[in-house]
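K.L.:
Structure for the following, please:
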Amino acid sequence: MVFADRTPASPAHLSRRAVVAALGAVASGALLGVTPAAVARAAAPGLDDPAKKEIAMKLVSSAENSSLDWKAQYKYIEDIGDGRGYTAGIIGFCSGTGDMLDLVELYTARKPGNVLARYLPALREVDGSDSHEGLDPNFPRDWRKAAQDTAFQQAQNDERDRVYFNPAVAQGKTDGLRALGQFAYYDALVMHGDGDDPTSFRNIRKRALRTAKPPAQGGDETAYLNAFLDARVWAMKQEEAHSDTSRVDTEQRVFLRKGNLDLNTPLDWKVYGDGYHIG
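P.N.:
Numbers count the residues shown, from 1 in each chain. Okay, the predicted model is just below:
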């Protein structure tokens, strides 16, 4: 295969070149021990491929908002009674966990005087609690108003990527996981965060590593993902608000049982008993 153009290489071209180079090296004996699975992982697009990322957004939205229309969730806000105060936006930013504060600070840095800027002192005060003090009664109304602003929508996208999506994909690639494994990491980060508590993403991963190794450490990808999902289910059951494990049992495990490690469409799954399809 010859790549004759001199334009900057796209990520897709880079992965193709990497695969061609790997295959050539194997043929010449320079990379003894390269497995077909390793070549497949190198060839497959990761979760950061635009089409795969769109799938990831829809999968999370099905669990978080019972809808595939994730872009309709910029305006979403309610207190779901999980001890985290208000939950809002495309990824469930919470007034009690700091990520909502970070989001509004970013929005205000980009657009001073926005409708949410007045709530920054209150968001700082309620961080770490489920309190609405200083937010009620108008914060939900003003959140929905801000959600009509493309600058606020972009801020939500950027904070989602910075805090959750990009770290999940990076760790997944480091562990040698394909799109499904990267998504499993992302979904866990969204729900559990990455703090020091036993149910955080990093400790879910550590729990999985006690019983299986990821591909980057010579392990079997399917076996490792089963161990990770087992650890994730354990973490979810530690908290009543997250005790319904269908986003693992009837979503991620469905894809895993089918061997769909690249999250290829069509996809069919259920969350909380509701069925979804991506063609």
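
K.L.:
Report the contact partners of residue 63.
P.N.:
By CB atoms under 8 Å, 6 or more residues apart in numbering, the contact list for residue 63 reads 187, 247, 251, 271, 272. For the C-beta atoms, the positions are set from N, CA and C on the backbone; glycine is no exception.

K.L.:
Can you list which of those are found in strands?
P.N.:
Counting by DSSP state E, the part of the contacts of residue 63 found in strands is residue 271.

K.L.:
Looking at the contacts of residue 63, which two lie furthest apart in space?
P.N.:
Taking CB to CB as the measure, those reach their widest spread between 187 and 272, a distance of 14.5 Å.

K.L.:
For those two, indicate the residue with more neighbours.
P.N.:
Legend: neighbour count by other CB atoms under 10 Å for residue 187 and residue 272, higher for residue 187 (23 against 11).

K.L.:
For that one, which non-adjacent residue is closest in space?
P.N.:
If you skip the residues right next to it in sequence, residue 187 has residue 60 as its closest partner in space, 6.2 Å away by CB to CB, 6 or more residues apart in numbering.

K.L.:
Residue 214 now?
P.N.:
Spatial nearest neighbour of residue 214, excluding adjacent residues (CB to CB, 6+ apart): residue 175 at 3.8 Å.

K.L.:
State the pLDDT value of that neighbour.
P.N.:
Per-residue confidence at residue 175 stands at 98 (pLDDT).

K.L.:
quick one, what contacts it?
P.N.:
Going by CB under 8 Å, 6+ apart, residue 175 touches 181, 214, 215, 216, 217, 224.

K.L.:
got a winner among those residues for most neighbours?
P.N.:
Of all those, residue 181 has the most neighbours under the rule other CB under 10 Å, reaching 30 neighbours.

K.L.:
separation between that one and residue 143?
P.N.:
If you measure residue 181 against residue 143 using CB to CB, to the nearest Å, the figure is 33 Å.

K.L.:
chain center to stretch 160-167: distance?
P.N.:
Its chain's C-alpha centre lies 7 Å from the corresponding centre of stretch 160-167 when counted by CA atoms, centre = their mean, to the nearest Å.

K.L.:
May I see the buried residues of the helix or strand harbouring the residue nearest to residue 187?
P.N.:
When secondary structure is defined by DSSP states H and E, residue 60 falls within helix 50-65. With burial defined by 16 or more other CB atoms under 10 Å, the residues of helix 50-65 counted as buried are 52, 53, 55, 56, 57, 58, 59, 60, 61, 62, 63, 64.

K.L.:
would you put the C-alpha positions of that helix in PDB?
P.N.:
The C-alpha atoms that make up helix 50-65 are tabulated as PDB, following Å, rounded to 0.1, in the frame of the first residue of the first chain:
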ATOM      1  CA  PRO A  50     -16.200  10.900  15.900                       C
ATOM      2  CA  ALA A  51     -18.700   8.200  14.900                       C
ATOM      3  CA  LYS A  52     -17.700   6.100  18.000                       C
ATOM      4  CA  LYS A  53     -17.900   9.200  20.300                       C
ATOM      5  CA  GLU A  54     -21.400   9.900  19.000                       C
ATOM      6  CA  ILE A  55     -22.400   6.300  20.000                       C
ATOM      7  CA  ALA A  56     -20.900   6.800  23.400                       C
ATOM      8  CA  MET A  57     -22.900  10.000  24.000                       C
ATOM      9  CA  LYS A  58     -26.100   8.200  23.000                       C
ATOM     10  CA  LEU A  59     -25.300   5.200  25.300                       C
ATOM     11  CA  VAL A  60     -24.700   7.400  28.300                       C
ATOM     12  CA  SER A  61     -27.800   9.400  27.600                       C
ATOM     13  CA  SER A  62     -29.900   6.300  27.400                       C
ATOM     14  CA  ALA A  63     -28.900   5.500  31.000                       C
ATOM     15  CA  GLU A  64     -28.800   9.100  32.400                       C
ATOM     16  CA  ASN A  65     -31.800  10.600  30.600                       C
END
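
K.L.:
by contact count, what packs against the helix or strand hosting residue 191?
P.N.:
Taking DSSP H and E as the definition, one finds residue 191 inside helix 179-192. Taking 3 or more CB pairs under 8 Å, 6 or more residues apart in numbering; DSSP states H and E as the contact definition, the neighbouring helices and strands of helix 179-192 are helix 50-65, helix 166-174, helix 201-209, helix 221-236.
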